[in-house]
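Q: after the sequence you'll find the predicted model.
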Amino acid sequence: MMNALRAVGRAVIMALAIIGRVTIFAADTISHMVRPPFYWREFGVAIMQIGFYSLPVVGLTALFTGGALALQIYSGGARFSAEAVVPQIVAIGMVRELGPVLVGLMIAARVTSSLAAEIATMHVTEQIDALTTLSTNPAKYLTLPRVLAATLVMPILVGIGDVIGILGGFVVGTERLGFNAANYITNTVNFLEFHDVASSLIKGAAFGFIAALMGCYYGMNSGRGAQGVGQATKQSVVAAAVLILAANFILTEAFFSA
């Protein structure tokens, strides 16, 4: 019994220690926003890497998800003679949940792993120590531009993903399920509200912050050698995915609990 309690206590203490370190890391990163200098070149490169180069995977993921969602809703609705609700449910499903979550997970898979591997490699090869020697704060030079870029571009990616996902449902609905194109668009536009779109974009910003922060945190705290780089990359993606799903639940509860 005592051994089991010790194991549980050890796990809880380790979890609390990690939460504390991540919180301090996030607070330190945010604090650098109001302290010069700001490295605009690093910020611009991060915008391109996180935002522009993620468009293909975001677009394809949203397109196929919207199409599959339309098929599933039509098939399920047919059991209750409710096939006509396909446009509305596809729209609200993509905008409220599937769009932000899937884009967030794709960014975690693509960007978080990339950031963790890049920064961990710099840590292993002592490039971060070289930055400190040159009086350059690694958090200000490496972490802040990437976290800020991800936070700013993720709402744009989520908005694009929402539109493409609805387009995927539209194509399947009109070409495969026999919906009238004009009626489909009208039902979609009339059903969505500003609150739905705003919640989607806010979720995107939160997920972008989490994805970039996890990549930078695990990269900065990686172990030595190739094994350390691989471990940091794996841990960053797992942590980002779990935190994105947890944050999605919290934000959904905050926005739609009433």
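A: It's in.
Q: which ones are touching the most centrally placed residue in the chain?
A: Closest to where the C-alpha atoms of the chain average out (C-alpha atoms, centre = their mean) is residue 104, at 2.4 Å. Counting by C-beta atoms under 8 Å, 6 or more residues apart in numbering, residue 104 touches 154, 158, 203, 204, 207, 208, 210, 211, 244, 248. In this view, the C-beta of every residue, glycine as well, is placed from N, C-alpha and C.
Q: which member of these is positioned nearest residue 230?
A: Ranked by distance to residue 230 (C-beta to C-beta), the contacts of residue 104 are led by residue 211 at 18.9 Å.
Q: any idea which element the closest one lies in?
A: helix 194-220 (DSSP states H and E).
Q: where in the stretch 1-150 of the chain is pLDDT low?
A: Low-confidence segments of the stretch 1-150 of the chain (pLDDT under 70): 1, 82.
Q: what segments of it are helices?
A: 2-31, 40-50, 55-77, 86-93, 99-107, 113-124, 127-133, 138, 144-175 (DSSP state H, counting those that start in this stretch).
Q: and the last one, how far out from the chain middle?
A: Right, helix 144-175. 11 Å (C-alpha atoms, centre = their mean, to the nearest Å).
Q: what of the shortest one?
A: Its chain's average C-alpha position is 23 Å from that of helix 138, according to C-alpha atoms, centre = their mean.
Q: and it, what does it pack onto?
A: Using 3 or more C-beta pairs under 8 Å, 6 or more residues apart in numbering; DSSP states H and E, the elements in contact with helix 138 are helix 127-133.
Q: and the contacts of whatever helix or strand comes next after the helix it packs on?
A: Scanning forward in sequence from helix 127-133 by DSSP H and E, the next helix or strand is helix 138. If you take C-beta under 8 Å, 6+ apart as the criterion, helix 138 is touched by 128, 131, 132, 220.
Q: what subset of those is buried?
A: For the contacts of helix 138, a neighbour count by 16 or more other C-beta atoms under 10 Å gives the buried set as 128, 131, 220.
Q: what is the nearest of the residues you listed to residue 2?
A: For the buried ones among the contacts of helix 138, the nearest to residue 2 is residue 220 (36.7 Å; C-beta to C-beta).
Q: is it correct that the closest one is in contact with residue 118?
A: No: judged on C-beta atoms under 8 Å, residue 220 makes no contact with residue 118 at a distance of 11.1 Å.
Q: tell me how far the nearest residue to residue 220 once chain neighbours are set aside lies from residue 211.
A: Nearest non-adjacent residue to residue 220, counting by C-beta to C-beta, 6 or more residues apart in numbering: residue 119, 5.9 Å away. Separation of residue 119 from residue 211 (C-beta to C-beta, to the nearest Å): 14 Å.
Q: more neighbours: the two, which one.
A: residue 211 (35 against 27; other C-beta atoms under 10 Å).
Q: which of the helices of the stretch 1-150 of the chain sits closest to residue 215?
A: Nearest of these (C-beta to C-beta): helix 113-124, 3.0 Å.
Q: next one: the closest one to chain centre, how far?
A: 19 Å.
Q: that helix vs helix 144-175, what angle?
A: Relative orientation of helix 113-124 versus helix 144-175 (axes from the mean of the first three to the mean of the last three C-alpha atoms, to 10 degrees): 160 degrees.
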